[in-house]
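**Q** with the input below, show me the fold.
(chains A and B)
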Amino acid sequence: MRNVKSAAFIVAAAALLSACSSPKLQEAPKVEEKPVAQAPTPPADTREIRPVETATVDPLNDPKGVLANRSVYFDFDSYAVRADGKPVVENHSAYLTKNTQRKVLIQGNTDERGGTEYNLALGQKRAEAVRKSMAALGVSDSQMEAVSLGKEKPKATGHDEAAWAENRRADIVYQ
Amino acid sequence: MKKLHTLLFSATLLMGVAAHAQLKVEIAGVGSNQIPVAVAAFADESVAPEQVSAIIRADLERSGVFKVIDARQTISDTANIDLAAFKASGADALVVGSVQRLADGRFQVRYKLLDTVKKAQLSQLSDAVSARNTRLEGHRIADDVYEKLTGVRGIFSTRITYVKQDPAARDYKLVVADADGEGEQVAAHGREPIISPSWSPDGTKVAYVSFETRKPVIFVQNLVTGQRTVVANFKGNNSAPSWSPDGTKLAVGLTKDSNIYQVYIVNADGSGVRRLTNSNNIDTEPQFSADGQMIYFTSDRSGGPQIYKMSVNGGQATRVTFNGSYNISPRISPDGKTLAWISQRDGGFSLYAMDLASGQEQRLADGATEPSFSPNGKYIMYATRGGGRTALAVVSVDGRVKQRLSTQAGNIREPSWGPFMK
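**A** The predicted model follows:
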């Protein structure tokens, strides 16, 4: 039973092939003459592969990569890493644990309201929140320094809530 | 008559020059019980580059303590004066003087302070000064008038330091100027923020924080030699320097040990750093008490920031401020009796003063940050926002006299009032 089926398939396939190829057979195919290359002596075993490293791009320098985002934002009067900042912390932690020669400065910032020095202290709490989260993910203390710029280097220079929200931030700066 | 014209012309010219100065004074309020003082033009004062009597008049007016009466005439210190006539015009005291050019190019400035009531001489000075010090000599005479008539040392010849910044142009300057904002000199200049300047008690050095290495580091700069010393450059933040009264130590805020601001004491050369506070909360902005035995500081250990004090040898901290949920930037008056600080109440930031003995509080100014006492303890300078930029203002500790030192360009902030100079 099985042989009958196979035989039928072969017959059908042969008929199909001849039907397709029959018009081409009427034209004489042109044969190009090529000089026969001297065949090199083949190595003993051609299945052996020598791997090569392609030119790698440091993911840190990929402008479209996840590591391009180096800012962690905070709510007003808050010093806890928000849910939207967790992937940023995780991505950089993963990179730093793999690249232990790399070091980062974590710079905390605040909005412009309040005293100069007290804002420095608050910005430090933000930088420290990021540092602690990264330490928990295995980044070595020797790779990180948490500092604060307070209200002195605002990214947004406006005096409204949108500008203040932009400035309640910690930046991961590679050294 | 021709001479008078020349004199008036010179005076106008000089006032024109003064109007171009970096800071301008606006008196927003005037104290009552002002002492009426007449100030005469000094004989031959147009020979000097600065009109001495105009400087004295401006200083005395700015203090709010005096009602300055224009004597409407030139009176030399050697003149025979009808004091009764001045008494009749309402003046209790009269300032007269003269300026003489010396052969060596200097100027001999002589002045006398006369009491029109007692018909007696209260004081006199005679100094030979260089051309560039004629303005300073005017301030010194105003200091003498202030001291003889009020019993308190004057602050007109003292200096201030502040930060002038243009962040968009990445331009940050530490500036030193006379207490009236004239005679600006740049002490440090760079492309990263400079904050928290603090004068050494001897007036030769300023401690400040520079961000030039992408983080806050404390420097002490000798103003005369320009030599800079790194006082604290530990891992993390280094800021909030303030001098001990004897000038040998600095109280600072560092994050090196616990990653949160704590108060430390360090020698002025950066050696011998010693931790003072030991909390899990922010402890920063330390300030020595006048006797050097206590440290006042800002801490958020109760939730929001409040001011505390503790012994320089450590121990328990005592809370000092209780009203309001945001109290920062403590400053102690030179006599140790008054605390000035910034409190956020009803949204805005205001300058308050507290009598430390009674705990009595007084609101002195609104829209204020970064206060600094004058060395005689009678005034507090602070940074204030207005017209889209920050400027400096001065208020008397009784709150009755207010002035705004407004600038023509640039943001000015972080004032520190220098000490009395010998």
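**Q** beta partners for the residue nearest to B:A93 when sequence neighbours are not counted?
**A** Counting by C-beta to C-beta, 6 or more residues apart in numbering or on different chains, B:A93 lies nearest to B:V37, which is 4.7 Å off, once chain neighbours are set aside. For the C-beta atoms, the positions are set from N, CA and C on the backbone; glycine is no exception. Here B:V37 sits in beta bridges with B:V68, B:A93, as judged by DSSP bridges.
**Q** which residue ranges of chain A form helices?
**A** A:2-25, A:86-98, A:116-136, A:161-167 (DSSP state H).
**Q** where does pLDDT dip in chain B?
**A** Per-residue confidence of chain B (counting by pLDDT under 70) places the weak regions at B:1-32, B:387, B:406-409.
**Q** any idea how it splits into domains?
**A** For chain B, the structural domains run B:31-150, B:159-417, going by automatic domain parsing.
**Q** is it correct that B:G336 is in contact with B:D291?
**A** Yes. Under the criterion of C-beta atoms under 8 Å, B:G336 is in contact with B:D291, at a separation of 6.2 Å.
**Q** these two: who's more crowded?
**A** Shown here are B:G336 and B:D291; by other C-beta atoms under 10 Å in any protein chain shown, B:G336 has more neighbours (17 against 10).
**Q** quick check, that one in a helix?
**A** No. B:G336 sits outside any helix when classified using DSSP: H, G, I helix; E, B strand; the rest coil, being coil.
**Q** measure the residue nearest to it when sequence neighbours are not counted to chain A for me?
**A** With sequence-adjacent residues excluded and distances taken as C-beta to C-beta, 6+ apart, B:G336 is closest to B:A290, at 3.2 Å. Relative to chain A, B:A290 is positioned 21 Å away (criterion: C-beta to the nearest C-beta, to the nearest Å).
**Q** test my guess that B:A290 contacts B:L339.
**A** No. In this structure, B:A290 sits apart from B:L339 without contact. The criterion is C-beta under 8 Å, and the distance is 11.0 Å.
**Q** name the residues contacting each of the two.
**A** For the pair B:A290 and B:L339, residues contacting each of them under the criterion C-beta atoms under 8 Å, 6 or more residues apart in numbering or on different chains are B:332-333.
**Q** tell me which element B:S53 falls in.
**A** helix B:52-63 (DSSP states H and E).
**Q** if you could redo that for B:Y382, that was the one I meant.
**A** Here B:Y382 sits within strand B:379-386, counting by DSSP H and E.
**Q** so what touches that strand?
**A** Strand B:379-386 is contacted by residues B:155, B:160, B:331, B:340, B:351, B:353, B:364-365, B:367-374, B:390-397, B:401, B:404, B:406, B:412-415, B:417 when judged by C-beta under 8 Å, 6+ apart.
**Q** counting only strands, which of those residues make the cut?
**A** In this view, the contacts of strand B:379-386 that belong to strands under DSSP state E are B:160, B:331, B:340, B:351, B:353, B:364-365, B:368-373, B:390-396, B:404, B:406, B:412-415, B:417.
**Q** can you sort out which of those also neighbour chain A?
**A** Taking C-beta under 8 Å from any C-beta of the partner chain, the overlap between the ones in strands among the contacts of strand B:379-386 and the neighbourhood of chain A is B:369-370, B:413-414.
**Q** now the buried members of the residues you listed.
**A** Among these, those that count as buried by neighbour count (16 or more other C-beta atoms under 10 Å in any protein chain shown) are B:369-370, B:413-414.
**Q** who in chain A is up against chain B?
**A** Contact residues (C-beta under 8 Å from any C-beta) of chain A with chain B: A:105, A:107, A:113-118, A:120-122, A:124-125, A:128, A:131, A:145-150, A:152-154, A:157, A:173.
**Q** out of those, which end up buried?
**A** Among these, those scoring as buried are A:105, A:107, A:113-118, A:120-122, A:124-125, A:128, A:131, A:145-150, A:152-154 (criterion: 16+ other C-beta under 10 Å).
**Q** buried subset of the ones in strands among the contacts of strand B:379-386 as a PyMOL selection?
**A** Selection of the buried residues among the ones in strands among the contacts of strand B:379-386 in PyMOL, burial being defined by 16+ other C-beta under 10 Å:
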select buried, chain B and resi 160+331+340+351+353+364+365+368+369+370+371+372+373+390+391+392+393+394+395+396+404+406+412+413+414+415+417
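**Q** sorry, back to before: where's the helix holding B:S53 relative to the chain centroid, distance-wise?
**A** Computed by C-alpha atoms, centre = their mean, to the nearest Å, the separation of helix B:52-63 from the middle of its chain amounts to 16 Å.
**Q** what's the angle between that helix and strand B:379-386?
**A** In terms of direction (axes from the mean of the first three to the mean of the last three C-alpha atoms, to 10 degrees), helix B:52-63 departs from strand B:379-386 by 80 degrees.
**Q** neighbouring contacts of helix B:52-63?
**A** Outside helix B:52-63, the residues that reach it (C-beta under 8 Å, 6+ apart) are B:11, B:14-15, B:18, B:25, B:27, B:37, B:39-42, B:45, B:66, B:68, B:70, B:95, B:97, B:99, B:109, B:111, B:134-135, B:137-139, B:141-142, B:145-146, B:154, B:156, B:180, B:401, B:403.
**Q** the spatially most central residue of chain A: what's it in contact with?
**A** By C-alpha atoms, centre = their mean, the mean C-alpha position of chain A lies nearest to A:G65, the distance being 4.2 Å. Under the criterion of C-beta under 8 Å, 6+ apart, the contact partners of A:G65 comprise A:P59.
**Q** what of the one 4 residues further on?
**A** Each residue near A:N69 by C-beta under 8 Å, 6+ apart is listed here: A:88, A:91.
**Q** rewinding a little: out of B:A290 and B:L339, which sits in the busier spot?
**A** B:L339 (24 against 15).
**Q** surely that one meets B:R331?
**A** Yes. With contacts counted by C-beta under 8 Å, B:L339 reaches B:R331, the gap being 7.2 Å.
**Q** which parts of chain B sit against chain A?
**A** Contacts of chain B with chain A, taken as C-beta under 8 Å from any C-beta, map to B:167-168, B:193, B:195-196, B:211, B:214-216, B:235-237, B:239-240, B:253, B:255, B:259-261, B:282, B:284-285, B:298, B:300, B:305, B:326, B:328-329, B:342, B:344, B:349, B:369-370, B:413-414.
**Q** do that again at 7 Å, thanks
**A** Applying the criterion C-beta under 7 Å from any C-beta of the partner chain, the portion of chain B that neighbours chain A consists of B:193, B:195-196, B:211, B:214-216, B:235-237, B:239-240, B:253, B:255, B:259-261, B:282, B:284-285, B:298, B:305, B:328-329, B:342, B:349, B:369-370, B:414.
**Q** list buried residues within the residues you listed.
**A** B:193, B:195-196, B:211, B:215-216, B:235-237, B:239-240, B:253, B:255, B:259-261, B:282, B:284-285, B:298, B:305, B:328-329, B:342, B:349, B:369-370, B:414.
**Q** in strands, which of these fall?
**A** B:195-196, B:239-240, B:253, B:284-285, B:298, B:328-329, B:342, B:349, B:369-370, B:414.
**Q** right, and B:F297 touches B:V263 too?
**A** Yes. In terms of C-beta atoms under 7 Å, B:F297 counts as a neighbour of B:V263; the distance is 5.3 Å.
**Q** which neighbours do those two have in common?
**A** When contacts are counted by C-beta atoms under 7 Å, 6 or more residues apart in numbering or on different chains, the set common to B:F297 and B:V263 consists of B:283-284, B:286.
**Q** which one of those residues is nearest to A:Y95?
**A** Out of the shared contacts of B:F297 and B:V263, the one with the shortest distance to A:Y95 is B:T284. That distance is 32.6 Å, counting by C-beta to C-beta.
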